[in-house]
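S.K.: Structure, please.
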Amino acid sequence: MQARALALKTRPEGMPTAENFQIIDIDVPEPQDGEIQVENVCMSVDPYMRGRMYDRKSYVPPFQIGEALTGGSIGKVSKSAHPDFQPGDYVSSAWGWREAYTASAEGIERLGEIVAPPSAYIGTIGMPGMTAYVGLLEVGALKDGETVFVSGAAGAVGSIVGQIAKLKGCRVIGSAGSDDKVQLLTDELGFDHAFNYNDGSLIGHIKEGAPEGLDVYFDNVGAEHLQAAIMCMRPFGRIPLCGAIATYNDTSPRPGPNNLSMAIGLGLTLRGFIVSHFNHLAPPFRKDMEGWVTSGQITSKETIHQGIENAGEAFILSLIHISEPTRRRGMGVWRGWV
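M.R.: Predicted coordinates for the structure are as follows:
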């Protein structure tokens, strides 16, 4: 059988457009020994994927022109030639951006019993949620009662970071790009203070929310946010470096923070990470997050686009909504349902 998939037609320069993508047909053969055939139910379009559209070395290989893209997806097994997988099983894989696939079962996770909608397992209980979990608790070494600042706080990762910090008894400050999202952070997600980073001084806003300084800054944005946060850190503060969405579509390098020398005197720890560095923490993460989600202690919202033919548009909109925040609808992970 064949299925439709999304591929790069050309490499974007700056913000991607619809002309950079194309729908292609891919073969989905009968599974051989050790393989399974899966029909995708939903897939995730995440801002980090923008970096894979450049033809350059990174922590994940670049997408290739004319080849089906890859990314997180949840699917249902339709046929199995592997003893551990049965038709009807929900699975999590990196075989997104396509309607169906046949692949070796190695590296594909059988989800077993699920306690939330399938899309939660590529969102709150999936990669974005685990990124928040390990970034805050392991890299950020969060202690109960500390003060935490989260940039990009209305996004898929940032919104979960803030909610976990609140569960740990922390004071939480968040930045977002519109007044609606600021209201979301304070009224629905329990942030103690939030601000629109398009209005006024970043340093002024942070000091208003954290007059005694920051213990942890969870950086999703980079650039000016990182520089401002360094100015507000307490001695021995920690800065998990998770993303730099301010720069994802830049066509030329922008100046970096010019105050990194402050990290020396303050004894700050700045540490970059990617979630796969912490795969050993997947079991406790899933147990904790499923408990928080089913109890209502952590919530999320999703924007859903139906059909693989709309996956490119969903991805572009996810980038627009971090680059032009007033146009974003809600918070959470953008989903392309297939």
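
S.K.: Going by the annotation, which residue ranges form each domain of this protein?
M.R.: Using automatic domain parsing, the domain parsing of the chain gives 2-123+302-337, 127-276.

S.K.: out of those, nearest to residue 282?
M.R.: domain 127-276 (6.7 Å; C-beta to C-beta). C-betas here are computed from N, CA, C, even on glycine.

S.K.: how deep is the residue lying closest to residue 65 once chain neighbours are set aside tucked in, by neighbour count?
M.R.: Nearest residue to residue 65 in three dimensions, chain neighbours excluded: residue 8, at 5.2 Å (C-beta to C-beta, 6 or more residues apart in numbering). By other C-beta atoms under 10 Å, the residues close to residue 8 number 21.

S.K.: rewinding a little: among the domains of the chain, pick out the one with the most neighbours on average.
M.R.: Among these, ranked by average contacts under mean count of other C-beta atoms under 10 Å, first place goes to domain 127-276 (a mean of 20).

S.K.: Tell me where the stretch 151-300 of the chain has helices.
M.R.: 158-167, 179-187, 202-209, 223-231, 262-266, 282-294 (DSSP state H, counting those that start in this stretch).

S.K.: Give me the angle between the second one and helix 158-167.
M.R.: Which is helix 179-187. Per axes from the mean of the first three to the mean of the last three C-alpha atoms, to 10 degrees, the angle that helix 179-187 makes with helix 158-167 is 20 degrees.

S.K.: Which strands or helices does helix 179-187 pack on?
M.R.: Counting by 3 or more C-beta pairs under 8 Å, 6 or more residues apart in numbering; DSSP states H and E, the packing neighbours recorded for helix 179-187 are strand 171-176, strand 193-196.

S.K.: Run the chain-centre distance for the longest one.
M.R.: Between the mean C-alpha point of strand 171-176 and the mean C-alpha point of its chain there is a distance of 17 Å (C-alpha atoms, centre = their mean, to the nearest Å).

S.K.: Turn the domains of the chain into TSV, columns for distance to residue 285 and mean pLDDT.
M.R.: As requested, these are exported to TSV (distance: least, C-beta to C-beta, whole Å; pLDDT from 0 to 100):
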stretch	distance to residue 285	mean pLDDT
domain 2-123+302-337	12	87
domain 127-276	5	94
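
S.K.: need those in JSON lines with distance to residue 296, can you?
M.R.: As requested, the domains of the chain are exported to JSON lines (distance: least, C-beta to C-beta, whole Å):
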{"stretch": "domain 2-123+302-337", "distance to residue 296": "11"}
{"stretch": "domain 127-276", "distance to residue 296": "11"}
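
S.K.: Mind naming the longest strand for this protein?
M.R.: strand 35-45 (DSSP state E).

S.K.: Name the next helix or strand downstream of it, please.
M.R.: Downstream of strand 35-45, the next assigned helix or strand under DSSP states H and E is strand 73-80.

S.K.: For the following helix or strand past that following strand, give me every contacting residue.
M.R.: Later in the chain than strand 73-80, the nearest helix or strand by DSSP H and E is strand 90-93. Here strand 90-93 makes contact (C-beta atoms under 8 Å, 6 or more residues apart in numbering) with 36, 38, 41, 72-77, 85, 101, 103, 107-111, 114, 118, 121-122, 126.

S.K.: Pretty sure residue 86 sits against residue 77.
M.R.: Yes - if you go by C-beta atoms under 8 Å, residue 86 and residue 77 touch, sitting 6.5 Å apart.

S.K.: which neighbours do those two share?
M.R.: Listed as contacting both residue 86 and residue 77 by C-beta under 8 Å, 6+ apart is no residue at all.

S.K.: still on that earlier bit, for residue 287, find the nearest of the helices and strands packed on helix 179-187.
M.R.: strand 171-176 (23.1 Å).

S.K.: Report the central residue of this protein.
M.R.: Ranked by distance to the mean C-alpha position of the chain (C-alpha atoms, centre = their mean), the top residue is residue 128 at 4.0 Å.

S.K.: Excluding residues flanking it in the chain, which one is nearest that one?
M.R.: residue 156 (4.0 Å).

S.K.: likewise residue 137?
M.R.: residue 164 (7.2 Å).

S.K.: Contacts for stretch 231-242 next, please.
M.R.: The contact list for stretch 231-242 (C-beta under 8 Å, 6+ apart) reads 131, 135-136, 139-141, 147, 149, 157, 203, 206-207, 210, 212-220, 222, 226, 229-230, 259, 262, 266-273.

S.K.: how about a cut-off of 7 Å?
M.R.: Applying C-beta atoms under 7 Å, 6 or more residues apart in numbering, the contact partners of stretch 231-242 are 131, 135-136, 139-141, 157, 203, 206-207, 210, 213-220, 229, 259, 266-273.

S.K.: just to revisit the earlier point, could you pull up the contacting residues of the residue nearest to residue 137?
M.R.: Residue 164 neighbours (C-beta under 7 Å, 6+ apart): 132, 133, 136.

S.K.: what's the closest of the residues you listed to residue 185?
M.R.: Nearest to residue 185 among these, with distances taken as C-beta to C-beta, is residue 132, at 14.4 Å.

S.K.: The closest one and residue 259, how far apart?
M.R.: 26 Å (C-beta to C-beta, to the nearest Å).
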